[in-house]
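In: Provided below are the primary sequence and the corresponding predicted coordinates.
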Amino acid sequence: MKRPIEDYFAFGSIIMALASLVALIIFLLFFTSCTFIDEPKYTVDPKLSAIVDQFFIEAKNRGCDCKPQSLIVEVYPLEDGVNGRSFTIPGVNTIPHIAIDQDFYNTIYHELGHAIFNLEHTNNGGLMDYNGGEWHYSTESERKVFLDKLIQSGCNLYK
């Protein structure tokens with residue numbers, strides 16, 4: 001028994017729909033595969049770049065080469081009582097992101113401790129203490145002690 005001509009056209013429509021779907025999938029894979037959510041991105045606000053660069057120099061001088069391929073550091077107005085914040089955006093990316101209130105640039109090493117080393121707050125008199133971002137040292141040797149503590153504890157976790 002012969003098939004009516006309509007059957008041939010219906011079968012051809014199904015083949016064309018499948019071919020179009022395959023072409024669309026190939027197109028999407030080809031054109032979206034060049035950009036990944038976690039593609040390395042290193043952006044530091046020019047107001048903070050010298051401080052951030054100095055952090056990685058200080059770490060490297062202490063034997064900890066920890067400069068990441070991906071990091072975002074920006075000056076951003078934060079809510080009252082918050083001087084800085086380190087975070088990633090769950091489900092979107094894993095790039096460490098730091099926001100620093102413009103009046104509290106001295107908080108940057110603390111936030112880098114969170115972002116780079118995944119350090120938690122401490123209560124040992126160091127840079128990771130939760131004290132509103134106010135770290136004071138009066139001599140270069142005190143500054144060195146602060147940085148030694150931060151980088152040593154962080155680098156031990158980083159390795």
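Out: Great, that's in hand.

In: domain ranges for the protein?
Out: Split into domains by automatic domain parsing, the chain comes to 1-35, 42-158.

In: how deep is Ile100 tucked in, by neighbour count?
Out: Using other Cβ atoms under 10 Å, Ile100 has 26 other residues around it. C-betas here are computed from N, CA, C, even on glycine.

In: not counting sequence-adjacent ones, nearest residue to it?
Out: Excluding the flanking residues, the one nearest Ile100 by Cβ to Cβ, 6 or more residues apart in numbering is Gly84, at 4.6 Å.

In: got it, and Ile89?
Out: Closest to Ile89 by Cβ to Cβ, 6+ apart is His97, at 7.1 Å.

In: and Thr43, that's in a helix?
Out: No: under DSSP: H, G, I helix; E, B strand; the rest coil, Thr43 falls outside any helix and is assigned strand.

In: what's the helix or strand where Ile51 lies packed up against?
Out: Secondary structure from DSSP states H and E places Ile51 in helix 49-61. Under the contact criterion of 3 or more Cβ pairs under 8 Å, 6 or more residues apart in numbering; DSSP states H and E, helix 49-61 touches helix 108-117, helix 140-158.

In: for Ile95, what are its contacts?
Out: Contacts for Ile95 (Cβ atoms under 8 Å, 6 or more residues apart in numbering) come out as Asp38, Lys41, Ser70, Leu71, Ile72, Thr88.
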